[in-house]
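Chemist: Please work out how this folds:
(2 chains)
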Amino acid sequence: MIDSRPMIELRNLHRCFGPTRAVNDVSFAVGRGQVFGYIGPNGAGKTTSMRILATLDQPTAGDAFVDGFSVVNDPDRVRFRLGFMPDYFGTYSNVNVREYLDFFARAYGLRGAERTRAMSYVMSFTKLDTLADKPIDGLSKGMKQRLCLGRAMIHDPAVMILDEPAAGLDPRARIQLREMIRQLAADGKAILISSHILTELAEMCDQVGIIEQGRLLAVGDVAEIRRGQQALHATSMQVRVLGDSAALGQWLTARDDVQEISIDGERIVFEHLGNQEAEAQLLREMIEARFRVIAYGSQTRSLEEVFMHVTRGHVQ
Amino acid sequence: MTTLESSLSGPREEPVEAPARRAWWDRFDAAALRASEWLNPILVKETRQALKSRQFGITFTLVLACAWGWSMLGVSMIGPDIYHGSHGYDMFSGYFVILAFPLLVIVPFGAFRSLAAEREDGTYELLSVTTLRPRQIVSGKLGSAVLQMLVYFSAVSPCLAFTYMLKGIDMATVVFVLYCAFLASLGLSVVGLVAATATTEKHWQIVLSVLLLFGLGWCFFIGMAMVLDGLARNPIPFQDADFWTFNAALLTAFTSYFVLLFCVASAQLTFASDNRSSLLRVVMLSQQALFTGWMGWGFLHERGDLEIPLFYLMDSGFYWAVMGVFMNSESTEMSARVKRQLPQSFLGRTFLTWFNPGPATGYLFAVVNFFAVCLLAGTAVLANLLFFSGRASGWLGAAAHQTVMAFAVVELCYLIIYLGLGRLLAAGLRWLRHPSMLLSVLCQVLMVLLGCGVPLTIHLMMVDLRRDYSLIEISNPFWSLVEVIEAKALTGEVVALLTILPIVAAIVFLANMPSVINAVRQVRIARPKRVVEEDELVELERHPPQPVIDPLAAD
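Modeler: All right, here's what the predicted structure looks like:
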């Protein structure tokens, strides 16, 4: 029997701090083996909702579920299934890598050979096995991030919540972290990840949610969000014609679905209001009007452009 | 298959067998590792940290150096008389001061800092998302404190053995004083842990740490003065039965308060939707029962002395007033998690509803408990009349029976009034904004202070009334109760108190009834489907169904 229950589910989640609505009616779901990217400017409510999911805070209204268990009413059952990596290291002094992981393995109730196996797997997965006896204080930032990832997965949780795991890492460390997250998703874990590095999220996430001022503005898979935003907003189009480009410019000016036309030699750039069907119709009409079109295309928005379009940069 | 499972299912290398003749240290290490499986993870981690930490090394070395230094100094001061005289007590005093400082100051403050630092550094959040329970976190910290105590004891124990050999102090005294020091350190450590959980605000943490440090310093000096002065004046009366009775009572009180504080620290760390209150109420009730037991024993032992029920009333009234203020400050919202565990049967609802969290049940819990105390005190008065020929105590006078009964009624009325008003005040605060428990408690304390301070100020301004009690002081429970005792008869003021206060108490009690009824109406809700599913699965794993054997089947 295939379990269709979402591993992470937020249902009309609200969290208020006095008059500030840090999280305002947020709902989404993440399935097994999916990576959900949580995007938003600073102070948008990402960390607050992640903390609620990690049973560190309580919602003002609504609820969140991990593997069907409420984070409010069954936090103990949730914790067993959840690995949380906050946006800070949280390390102890006078402890080495092995002792640190050993402590958290014990804290999750792993005993004897089970704990030894879990630790050796995690150290091998995060490539920390060569640093097992090194004090944590002496680790680099990238190594500490790996250690924190290792700590979050020491009890083999089905759900992982990673708050800004790539912040401050160099490109190599970021790529390695991305590979690890992909591997975890391939192993069936549901992963909720927040990051400011949107290009990376676009590459590793099955779904993204864009949040601002506590409100979820867009949610879906990356391509879907791009398409959705293009349907709502003008698409940047580029046409190259042989001959009189000024005439094409005039022809386009007369249309209602075209705006912001700029002519640069044989290249015309303009904003088109409409979906892909309307773009095809526009090309057909150009050809019927006997313009000699040699290149025609729309520029796909990157996740960053979508993010900039959707959000307004407001903070509460 | 999850990551770990998939990694485990593949071929894996068998651990390399250690050589047959391992060094004894390796064997010891392996044995310690095996033993650590059963220990609290926090204790294991903190022991590892402590063994590497500079602070522990420095403190331990200092204790050792001071002990050896005192040995040298003491012996050189005593000189050749060491062979003939009895100088054990003098040397013991020095060693005890050296040992008591880490035990009474460093270890409890270390316990406070250990937990407070976890909360400041964010590591507490990482701990709280594990499957460790708050109780395990507190016991781990406490275990670590105990381990430190034992290390300090071990550092000074050879010196203490040396004092015994010097004569002048017996082994029983040494053991008893060390046992008291151990208990004091344990008690102060749990106080430190409660202080660490009291607030997460940085500025309050600083204020608390300063207060705690002063408090611990004070305890150290008082402890030193009591032990050293006491030992110098009189030897400990080990032969005296009353000494052991007193110590047994003290140990009972210590244990019950230790458990209460332990539960308070755990409750402070418990997730907000969980039940933080019921266990505390069970401990409170147990404390009351233990106190009642000791008072009952004292009453019989002293052949019906009415001072004992009076002391019982005073102490219990204060206890339930303090506990009631805290219970009044609890949240009114009952989470679905708590509602799942509410008593369901008629008897359960009748007797256990008062253990449910919430200010309304808390108010009634405090009032009913103190009412029971008053009934028991009344029973003691009756017993005095029936079985001890109405024997009156010295200072209470001939009207001791009346005094005790009047005191019980007046104290009960004050408790009903002030706790009832406090509950209404806390409810009003909650309606305006969401106050913290501390703020709610402070407001209730302020209300009592106003109740005492305002009439006192008026009273002091009236020249002719300055010294005598008057009914202006009716809102001042302390002076009114003292007046009931000092009057030693049903004077006009006492009769007025006995008339007015029950009426006011009844009004306040009735004003609180709607909330109490609302709390009683709470009923158990069903567990969510997902929880039921998992519980059934766990149950099935624990007790797999037995295969049905058909006796008629062919063999």
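Chemist: name the helices or strands packed onto the strand or helix carrying residue A:239?
Modeler: Assigned by DSSP states H and E, residue A:239 falls within strand A:235-242. With contacts defined as 3 or more Cβ pairs under 8 Å, 6 or more residues apart in numbering or on different chains; DSSP states H and E, strand A:235-242 has these neighbours: strand A:267-272, helix A:276-288, strand A:292-298. In short, each C-beta sits where N, CA and C put it, glycine included.
Chemist: Going along the chain, name the strands of chain A.
Modeler: Listed in chain order, the strands of chain A (DSSP state E) span A:8-17, A:20-30, A:35-39, A:61-66, A:69-70, A:82-85, A:159-163, A:190-194, A:207-212, A:215-220, A:235-242, A:258-264, A:267-272, A:292-298.
Chemist: give the contact list for the most centrally placed residue in chain A.
Modeler: Central residue check for chain A by Cα atoms, centre = their mean: the C-alpha nearest the mean position is that of residue A:37, 1.6 Å away. The contact partners of residue A:37, taken as Cβ atoms under 8 Å, 6 or more residues apart in numbering or on different chains, are A:193-195, A:201-202, A:204-205, A:207-209.
Chemist: so how far is chain B from it?
Modeler: 20 Å (Cβ to the nearest Cβ, to the nearest Å).
Chemist: for the residue of the stretch 251-400 of chain B found nearest chain A, helix, strand, or coil?
Modeler: Ranking the residues of the stretch 251-400 of chain B by distance to chain A (Cβ to the nearest Cβ) places residue B:337 first, at 4.2 Å. Following DSSP: H, G, I helix; E, B strand; the rest coil, residue B:337 is assigned to helix.
Chemist: count of neighbours near it?
Modeler: 20 (other Cβ atoms under 10 Å in any protein chain shown).
Chemist: Let me know whether it touches residue B:272 as I believe.
Modeler: No: Residue B:337 is beyond contact range of residue B:272, at 10.0 Å (criterion: Cβ atoms under 8 Å).
Chemist: Show me the longest helix that occurs in chain A.
Modeler: helix A:171-186 (DSSP state H).
Chemist: which parts of that helix are buried?
Modeler: A:173-174, A:176-178, A:180-181, A:184-185 (16 or more other Cβ atoms under 10 Å in any protein chain shown).
Chemist: now do stretch A:183-199
Modeler: So, applying 16+ other Cβ under 10 Å, buried residues of stretch A:183-199: A:184-185, A:187-195, A:197-198.
Chemist: Residue B:417: which of the strands of chain A is closest?
Modeler: Across these, residue B:417 has its closest neighbour in strand A:8-17 (36.2 Å, Cβ to Cβ).
Chemist: ok, that closest one: who's next to it in the sheet?
Modeler: strand A:20-30 (antiparallel), strand A:61-66 (antiparallel) (DSSP bridges).
Chemist: Mean pLDDT added to those, as JSON lines?
Modeler: Output for the strands paired with strand A:8-17, formatted as JSON lines (pLDDT from 0 to 100):
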{"stretch": "strand A:20-30", "mean pLDDT": "92"}
{"stretch": "strand A:61-66", "mean pLDDT": "94"}
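Chemist: Those strands into TSV, with extra columns for mean neighbour count?
Modeler: Converted to TSV, the strands paired with strand A:8-17 look like this (neighbours: other Cβ atoms under 10 Å in any protein chain shown):
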stretch	mean neighbour count
strand A:20-30	20
strand A:61-66	21
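Chemist: which sections of chain B are below the confidence cut-off?
Modeler: B:1-22, B:390-394, B:398, B:463-467, B:550-555 (pLDDT under 70).
Chemist: so what's residue B:273 up against?
Modeler: Contacts of residue B:273 (Cβ under 8 Å, 6+ apart): A:58, A:72-73, A:75, B:335-338.
Chemist: Find the nearest non-adjacent residue to it, please.
Modeler: Nearest residue to residue B:273, sequence neighbours excluded (Cβ to Cβ, 6 or more residues apart in numbering or on different chains): residue B:335, at 3.8 Å.
Chemist: thinking again about what came up before, can you add distance to residue B:232 and give the strands of chain A back as TSV?
Modeler: Shown next, in TSV, are the strands of chain A (distance: least, Cβ to Cβ, whole Å):
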stretch	distance to residue B:232
strand A:8-17	59
strand A:20-30	63
strand A:35-39	69
strand A:61-66	64
strand A:69-70	63
strand A:82-85	58
strand A:159-163	62
strand A:190-194	67
strand A:207-212	71
strand A:215-220	74
strand A:235-242	94
strand A:258-264	97
strand A:267-272	96
strand A:292-298	96
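Chemist: out of these, which comes closest to residue B:81?
Modeler: strand A:82-85 (67.3 Å).
Chemist: Can you tell me which helices and strands that closest one packs against?
Modeler: helix A:141-153, strand A:159-163.
Chemist: Flag whichever of those has the least confidence on average.
Modeler: If you rank the helices and strands packed on strand A:82-85 by mean pLDDT, helix A:141-153 sits at the bottom with a mean of 90.
Chemist: I'd like to know how many residues surround residue B:237.
Modeler: 10.
Chemist: what about residue A:79, distance to residue A:35?
Modeler: 21 Å (Cβ to Cβ, to the nearest Å).
Chemist: now residue A:187
Modeler: Following Cβ to Cβ, the distance that separates residue A:187 from residue A:35 is 12 Å.
Chemist: show me where the stretch 451-555 of chain B has helices.
Modeler: In the stretch 451-555 of chain B, the helices defined using DSSP state H, counting those that start in this stretch lie at B:477-487, B:492-520, B:529-542.
Chemist: Comparing those, which comes out most buried?
Modeler: Highest mean neighbour count of those: helix B:477-487, a mean of 19 (counted as mean count of other Cβ atoms under 10 Å in any protein chain shown).
Chemist: follow-up on the earlier one: nearest to chain A, out of the helices of the stretch 451-555 of chain B?
Modeler: Short answer: helix B:529-542, nearest of the helices of the stretch 451-555 of chain B by Cβ to the nearest Cβ, at 3.9 Å.
Chemist: thought residue A:66 was touching residue A:81?
Modeler: Yes: the criterion here is Cβ under 8 Å, and residue A:66 meets it with residue A:81 at 5.6 Å.
Chemist: Give the burial count for the nearest residue to residue B:70 once chain neighbours are set aside, as a bare number.
Modeler: Nearest in space to residue B:70, with sequence neighbours left out and distances taken as Cβ to Cβ, 6+ apart, is residue B:94 at 4.4 Å. By the criterion of other Cβ under 10 Å, residue B:94 has 19 neighbours.
Chemist: Can you pull the phi and psi angles for residue B:94?
Modeler: Main-chain torsions, residue B:94, degrees, to the nearest 10: phi -60, psi -50.
Chemist: quick one: it from residue B:182, how far?
Modeler: 19 Å.
Chemist: same check, this time on residue B:382
Modeler: Counting by Cβ to Cβ, the gap from residue B:382 to residue B:182 is 43 Å.
Chemist: Looking only at neighbour counts, state which of those two leads.
Modeler: When neighbours are counted by other Cβ under 10 Å, residue B:382 and residue B:182 differ, and residue B:182 comes out ahead with 15 against 12.
Chemist: so that one sits right up against residue B:148, yeah?
Modeler: No: here residue B:182 lies out of contact with residue B:148, judged by Cβ under 8 Å, at a distance of 11.7 Å.
Chemist: What backbone torsions are found at residue A:40?
Modeler: The phi/psi pair for residue A:40 (degrees, to the nearest 10) is phi 180, psi 160.
Chemist: Residue B:169 - nearest residue in space that isn't next to it in sequence?
Modeler: In space, residue B:169 is closest to residue B:88, 3.9 Å off (Cβ to Cβ, 6+ apart).
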